[in-house]
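Peer 1: return a 3D structure for these sequence lines:
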Amino acid sequence: MAFPGLARAAVQATTRGAQESLSLWYEQAAGPWVEALPVGNGRLGAMCFGRVAQERIQLNEDTLFAGGPYDPNNPRSLAALPRVRALIDDGRFAEAADLISSSMMGLPKTQMPYGAAGDLLLDFQGATEAAAYRRWLDLDTAIASTRFSDGKVQYKREVFASAPDQVIVIRLVATGGVMNFDLGYRHPRETSYGSTDYTGAKVETAAPPMPWDYREPLRADERPSSLSLRADGADALLIEGRNVAAAGIPSALRYAVRVQALGDGAITPRGDRIEVRDATTVTLLVAAATSYINYADVGGDPVGMVRAQTAAAAAKPYARLRSGHVHAHQALFRRLSLRIGAGAADPRPTNRRIALAEQQPDPGLAALYVQYGRYLLLSSSRPGGQPANLQGLWNEGTNPPWGGKYTININTQMNYWPAQSANIAECVEPLLRMVEDLSVTGAVTASKGYGARGWMAHHNTDLWRATAPIDGPLWGMWPCGGAWLCQALWDHYDYHPDPVYLRRIYPLLKGASLFFVDTLVEDPQGRGLVTSPSISPENEHHKGVATCAGPAMDRQIIRDLFGWTLTAHALLNDSDAAFAAELAAKRARLAADRVGAQGQLQEWLEDWDAGAPEQQHRHVSHLYGVYPSEQINVRDTPALIAAAKVTLNTRGDKSTGWATAWRLALWTRMGEGERAYGILQGLLGPERTYPNMFDAHPPFQIDGNFGGTAAILEMLVQSWGGEVRVLAALPKAWPEGALRGVRARGGVELDLDWADGQLKLLQLRGKPGQVVKVRYGERLTGMKLDGKGSATLRG
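Peer 2: Numbers count the residues shown, from 1 in each chain. So this is what the prediction gives:
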């Protein structure tokens, strides 16, 4: 079926404000990887360095993971489960964790890492200088550009990843002279992510420039024996290779990269390179693919794919490739525009703005951060591809941090927090298909590991849709990863009500619920139904021990999951009345949220918070109920909101990149605009944002970009509890601005203007006759949309 929302793409666009800044720009070439600029079409990605003597284009393909299909389920898990639960009930948590470690963890105890597709290196001859240098990424066109002069010759390069043509296009132009360069390929390799390039240390406001004549080595003797590099016709190189094995899982994927050169000079494949001589214009077409068909089938033909894709692109003139790419991008990207402040263009390069973000007010940087987040999600998660992983799409080596896979105890979920409100809902389609896959592999884990119906996933998955617990009891023995992923699917329905889509996701909701119907157990102290075994993600309640029963996050997620499932059951007239009755009964018996002795929202059923070893822990899992859920909110549960604030004050405002973004979202949801603004300044500053605006965990994780994007939009428009809240967390530092095309639940789209800290104009679009409850300050207004599906409120 068509994914809801796709039909709107070509016709919904905002009127873009003339003052809106939509470029990242720099006065020097990229040195480390976190200074390079990303392009992507959802499947193919590239990092563009903008170097003068030797350009580097680092490549990614979203299915190029390690290993191959495998079954990680531990055959001893089910037999160990009763004893583990008994030990937890007796308070013998360390013993329970030891038994989990020896008998319930996945085999292997890790998953398959994401990889890289190598580097293109363009070595230019005769370069003597680089004057008037500038490189930039235009978010509105999704094109990365470099411009400089060498004597009388002007050089310009453009790089984009075309979604319509499924190639990366590199355009090189010399005006007033010619280009001579050799194009080579460097195979994927391990990268030192622990180096100073990735520490997240503050960027100097005047960082030393990258030497214009810098060149990286390209050594044929370093290539693995599995890699083949040869001429493929009169103007192309073909690279064939295999992915790497990992943790005892053998290599199963073949991959191919094809680079075709078109231009007005002499283009000659010579051994493992392409030589280009005396050219004024050259277009390089880059295609990459693997043999991956799905998590169980690796029988694809990557060579046939890359040949077909480059041949089709080569039949089009550059102007047509470029215009097709720009049109497809803008049909989605231009749905939303945002101006914060007067909108005057900032004259400083982006890296300097980031370096000073905590010292100088820069409201335009927050708006740029939102648009960059939207750009990154559009570039890393498109229909038909894989979901955005820990690094979105972009990864430098074969050993990425945390495997570069899908961590589903917060990080993957955070990737999709802005998808609905930021009006790029199509980006959720890859996640939907991944959850459909997990409902199959996770059913095996549910049965083998728990003796349960339905499906589940623990805290990580990968390309092969592994669902068994990994890493160890402190991290992996958490049963709610799959349930939390269902929130993104439900949110899409909530923002785009469509019965066809609801019918598609209902089996996923029902299956996820069935697992908990079968596995919830009675708390021995009579406090209700709980999960066991579990953890509050990655946080110890006593030194060295996280294993427990019924942490707050589990109860909150399951409460939501059962609620979504029951709503869908009623809307779709499911005839299984007994299932609905059992689900409602179990939902009512889930243990309630609790306030501890310090006035905090308890993270566990027991009041362990004050004694937990890490008081400023990065995860704030028990505040899921505040955000992204709405169970705990300022309107309905003020006492629990007060407890959540106590918890957040203890945790602190600055943490890892993604955890800082979550804190930002939480204070925003609670209407605390000034507190949120202070946290945002830290997120935008050089300890949590790299020069290319990638989020710094550190090292790079993209989830902070997406969490920050969602939170900034939430400062302006919130949508929960059957209401749309306007300017609910507007800080004093943003007295004026305009937002166009933001989405709200119920299929509503909003435009708003504010000045002097007050709402001036609100326009709604939606279904004719629809009544939208809008709250501004203490005022609640029911706005009925007219026959054209619109309504206006003036401040």
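Peer 1: which stretches of the stretch 401-550 of the chain form strands?
Peer 2: Shown for the stretch 401-550 of the chain, the strands assigned by DSSP state E, counting those that start in this stretch span residues 406-407, 460-461, 521-522, 529-530.
Peer 1: can you tell me which of these is most buried?
Peer 2: Of all these, strand 460-461 has the most neighbours on average by mean count of other CB atoms under 10 Å, namely a mean of 30. Any C-beta I mention is one placed from the backbone N, CA and C, and that applies to glycine too.
Peer 1: one step back: closest one to residue 109 among the strands of the stretch 401-550 of the chain?
Peer 2: In this view, the strands of the stretch 401-550 of the chain are compared for proximity to residue 109 by CB to CB, and strand 460-461 is the closest at 11.1 Å.
Peer 1: which strands and helices sit next to that closest one?
Peer 2: strand 406-407 (3 or more CB pairs under 8 Å, 6 or more residues apart in numbering; DSSP states H and E).
Peer 1: identify all contacting residues around the strand it packs on.
Peer 2: Among residues not part of strand 406-407, those counted as contacts by CB atoms under 8 Å, 6 or more residues apart in numbering are 387, 389-390, 412, 434, 459-462.
Peer 1: change it to 10 Å
Peer 2: Contacts made with strand 406-407 from outside it, assessed by CB atoms under 10 Å, 6 or more residues apart in numbering, are listed as 111, 114, 386-390, 412-415, 431, 434, 438, 457, 459-463, 465-466, 475, 481, 485, 537-538, 658, 701, 703.
Peer 1: checking the residue lying closest to residue 506 once chain neighbours are set aside next. Helix, strand or coil?
Peer 2: With CB to CB, 6 or more residues apart in numbering as the measure, residue 568 is the residue that lies nearest to residue 506, at 4.7 Å, once sequence neighbours are left out. The three-state label for residue 568, taken from DSSP: H, G, I helix; E, B strand; the rest coil, comes out as helix.
Peer 1: for residue 568, list the residues it contacts.
Peer 2: Residue 568 makes contact with 490, 493, 499, 502-503, 505-510, 574, according to CB under 10 Å, 6+ apart.
Peer 1: of these, buried ones?
Peer 2: 490, 493, 502, 505-506, 508-510 (16 or more other CB atoms under 10 Å).
Peer 1: which SSE is residue 159 in?
Peer 2: strand 153-162 (DSSP states H and E).
Peer 1: quick check: the residue sitting furthest away from the middle of the chain vs residue 132, distance?
Peer 2: Taking CA atoms, centre = their mean, the residue of the chain most remote from its mean C-alpha position is residue 152, at 43.5 Å. Distance check for residue 152 against residue 132: by CB to CB, to the nearest Å, it reads 12 Å.
Peer 1: now do residue 663
Peer 2: Separation of residue 663 from residue 132 (CB to CB): 42 Å.
Peer 1: ok, the two, which is more surrounded?
Peer 2: Under the criterion of other CB atoms under 10 Å, the comparison of residue 663 against residue 132 puts residue 663 first, with 28 against 10.
Peer 1: which residue comes closest to that one once chain neighbours are left out?
Peer 2: Leaving aside its sequence neighbours, residue 663 sits nearest to residue 679 (CB to CB, 6+ apart; 5.5 Å).
Peer 1: rewinding a little: residue 442: which of the contacts of residue 568 is nearest?
Peer 2: residue 508 (10.0 Å).
Peer 1: so that closest one sits against residue 456, correct?
Peer 2: No: with contacts defined as CB atoms under 10 Å, residue 508 does not count as touching residue 456, sitting 11.6 Å away.
Peer 1: rewinding a little: let me see the contact set for the residue farthest from the centre of the chain.
Peer 2: When the contact criterion is CB under 10 Å, 6+ apart, the partners of residue 152 are 175-177.
Peer 1: before we move on, what about residue 640?
Peer 2: So, once contact is read as CB under 10 Å, 6+ apart, residue 640 ends up touching 592-595, 601, 623, 625-626, 631-634.
Peer 1: tell me the secondary structure at it.
Peer 2: Classification of residue 640 using three-state DSSP returns helix.
Peer 1: now do it against residue 650, distance only.
Peer 2: If you measure residue 640 against residue 650 using CB to CB, the figure is 16 Å.
Peer 1: buried ones among the contacts of residue 640?
Peer 2: 593-595, 601, 623, 625-626, 631-634.
Peer 1: grab the two from the residues you listed that are most spread out in space.
Peer 2: Within these, 594 and 634 form the most distant pair, 19.3 Å apart (CB to CB).
Peer 1: list phi and psi for residue 309.
Peer 2: The main-chain torsion angles of residue 309 are listed as degrees, to the nearest 10 and equal phi -70, psi -40.
Peer 1: next: residue 758.
Peer 2: With angles defined as degrees, to the nearest 10, residue 758 shows backbone torsions of phi -120, psi 150.
Peer 1: correct me, but residue 178 touches residue 153?
Peer 2: Yes: here residue 178 reaches residue 153: they are 8.0 Å apart, a contact under CB under 10 Å.
Peer 1: anything in contact with each of these two?
Peer 2: The contact sets of residue 178 and residue 153 overlap at 126, 280 (CB under 10 Å, 6+ apart).
Peer 1: how about residue 128, secondary structure?
Peer 2: Following three-state DSSP, residue 128 is assigned to coil.
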